[in-house]
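In: Predicted model and sequence follow; I will ask about them next.
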Amino acid sequence: MDLIPSFSVDHTKIVPGIFTSRVDDVNGQLVTTYDIRLKRPNREPVIDAAAMHSLEHIIATFLRNDPEWKNELIYWGPMGCLTGFYIILKGNRTPQEIYDVLLAAFRSVEEAETVPGATAVNCGHYLMHNLAMAKWYAAEFTEYLAANKDNPAIYAYPQTERLVTDDGQQFYDS
């Protein structure tokens, strides 16, 4: 069975950033999945689950209300490993082309006074939110993005090398 593209990324070398994870053709329409990585996998503590949930709500609300991006957005949600998010957009832009909207989205967290949709009627686990920690993670990430805007490493995945034997076994070498 083939590994999915996100598993071919060298997680021992990835840094926080904005990466193109995959581009798909869905009925003639290009759709791009981006990896928005806030933490270095396996080297930093992951994002607190309650803060991650709050980040998801606030940023999804921001993106779905942004006049330029709301019709381009298909999905915004957390990674299972709690080191970042996936955003799926119509089209195929470079990570640099979505930098400004993501920076603005994370800055909107810092300005949030409440978590949108954090009620029993609107959310499947409305008690699991932490706005204060969401603000802390958002501030950390926006500071990092601003300091590294011109650093190519925050836009390019480190790829693993696949060594394939004659009988088809795959080995990975970083």
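Out: Arrived safely. Keep in mind the model is a prediction, meaning the values are calculated, not measured. Numbering: from 1, shown residues only.
In: count of neighbours near residue 82?
Out: Other residues near residue 82 number 17, with proximity taken as other Cβ atoms under 10 Å. All C-beta atoms are positioned from the backbone trio N, CA, C, and that covers glycine.
In: And it, how far from residue 53?
Out: Distance, residue 82 to residue 53, by Cβ to Cβ, to the nearest Å: 10 Å.
In: Over to residue 23?
Out: On the measure of Cβ to Cβ, residue 23 and residue 53 end up 28 Å apart.
In: More neighbours: the two, which one.
Out: residue 53 (23 against 13).
In: State the mean pLDDT of the one helix or strand the more buried one maps to.
Out: Assigned by DSSP states H and E, residue 53 belongs to helix 49-65. For helix 49-65, mean pLDDT is 98.
In: Can you list the helices and strands that that helix packs against?
Out: strand 73-78, strand 84-90, helix 95-111, helix 131-148 (3 or more Cβ pairs under 8 Å, 6 or more residues apart in numbering; DSSP states H and E).
In: Return the set of buried residues in that helix.
Out: 50-63 (16 or more other Cβ atoms under 10 Å).
In: Farthest pair within these?
Out: 50 and 63 (20.6 Å; Cβ to Cβ).
In: so how far is residue 52 from the closest residue to residue 93 other than its chain neighbours?
Out: Nearest residue to residue 93, sequence neighbours excluded (Cβ to Cβ, 6 or more residues apart in numbering): residue 32, at 6.8 Å. Between residue 32 and residue 52 the distance, using Cβ to Cβ, works out to 22 Å.
In: Now for the residue nearest to residue 82 when sequence neighbours are not counted, how many residues are close by?
Out: Spatial nearest neighbour of residue 82, excluding adjacent residues (Cβ to Cβ, 6+ apart): residue 46 at 3.8 Å. Using other Cβ under 10 Å, residue 46 has 15 neighbouring residues.
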